[in-house]
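K.L.:
My questions concern the predicted model and sequence given below.
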Amino acid sequence: MLVLASFLVAGCGTKVTRIDADETTDLSGAWNDTDSRLVAEEMIADALSRPWTSNFAGETGRAPAVIVGTVRNFSHEHINMNTFIADMERALVNSGRIEFVASSEERGEIRAERVDQDLNATEETRNEAGQEFGADFMLKGQINTIVDADGDEQVRYYQVDLTMISLADNRKVWLGQKKIKKLVENGKVRY
């Protein structure tokens, strides 16, 4: 009995297998890390291939500075927008053709640090207020979904729309769109 009980307990344990972060793993059909990465990669390639970056650089002699505005999740499920935005920021900055300025939340923390430096740092190491770099464009967007289900089959359609807007004159200089469609066959369909 003791041997049988030990086998039962051992069979109930959790098994963890490490996999490559770029490996496609889609367990539920919901938005996942692969969807986030694929959308970010395609949007980045599209944004960098359009003339708005070279037009701005030609007019000003420098790379455009971008700030991320609101990217809204209007889908039927929870989507972590921070990982998606971070993927886009990292690749755009690393391209050398775009600069990003800190978000309003990040700026608040940085400004508080400058105030602290004014009071506590030496004159040689203090960073002065009023030296911030202003953004030229704001990146905004949204994710929408449509779910069509019948019985144990479900089609999940995701549409990601991003817009780059000039802060100088409100012109939309780039519109990006990526669509993902998944067929989910499951004995227990979840919404």
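P.N.:
Cool, the structure landed.

K.L.:
Can you list the residue ranges for helices in the protein?
P.N.:
With DSSP state H as the criterion, the chain has helices at 2-11, 33-49, 51-60, 81-94, 104-120.

K.L.:
Tell me, please, the helix or strand in the chain that averages the lowest pLDDT.
P.N.:
Within the chain, no helix or strand scores below helix 2-11, which has a mean of 59 by mean pLDDT, DSSP states H and E.

K.L.:
ok now stretch 78-87, how far from the chain's centre?
P.N.:
Relative to the centre of its chain, stretch 78-87 is centred 4 Å away, using C-alpha atoms, centre = their mean, to the nearest Å.

K.L.:
in it, what's buried?
P.N.:
I79, M81, F84, I85, D87 (16 or more other C-beta atoms under 10 Å). Yep, even glycine has a C-beta here, placed from its N, CA and C like the rest.

K.L.:
How about stretch 119-136?
P.N.:
In stretch 119-136, the ones that count as buried by 16+ other C-beta under 10 Å are A135, D136.

K.L.:
Quick one: residues in contact with that stretch.
P.N.:
In this structure, residues lying in contact with stretch 119-136 by C-beta atoms under 8 Å, 6 or more residues apart in numbering are 56, 64-67, 99, 101, 107, 111, 114-115, 117-118, 166-168.

K.L.:
Let me see the contact set for R37.
P.N.:
For R37, the contact set (C-beta under 8 Å, 6+ apart) comprises D22, D87.

K.L.:
separation between it and R90?
P.N.:
11 Å (C-beta to C-beta, to the nearest Å).

K.L.:
go on, T17?
P.N.:
27 Å.

K.L.:
who has more neighbours, the two?
P.N.:
The residue with more neighbours, out of T17 and R90, is R90; 13 against 4, by other C-beta atoms under 10 Å.

K.L.:
Now do the same for the more buried one: its pLDDT.
P.N.:
On pLDDT, R90 comes in at 87.

K.L.:
Check the gap between the residue lying closest to V71 once chain neighbours are set aside and N32 for me.
P.N.:
Closest residue in space to V71, ignoring its immediate chain neighbours: G141 at 4.5 Å, by C-beta to C-beta, 6 or more residues apart in numbering. Going from G141 to N32 by C-beta to C-beta gives 19 Å.

K.L.:
Neighbour count for those two, which is higher?
P.N.:
A direct count of neighbours by other C-beta under 10 Å for G141 and N32 places G141 higher, at 22 against 15.

K.L.:
Kindly state the beta-bridge partners for that one.
P.N.:
V71, L162 (DSSP bridges).

K.L.:
list the contacts for it?
P.N.:
Shown in contact with G141 (C-beta under 8 Å, 6+ apart): V71, R72, V160, D161, L162, T163, G176.

K.L.:
same thing with E41?
P.N.:
Shown in contact with E41 (C-beta under 8 Å, 6+ apart): D87, A91.

K.L.:
What score does it have for pLDDT?
P.N.:
88.
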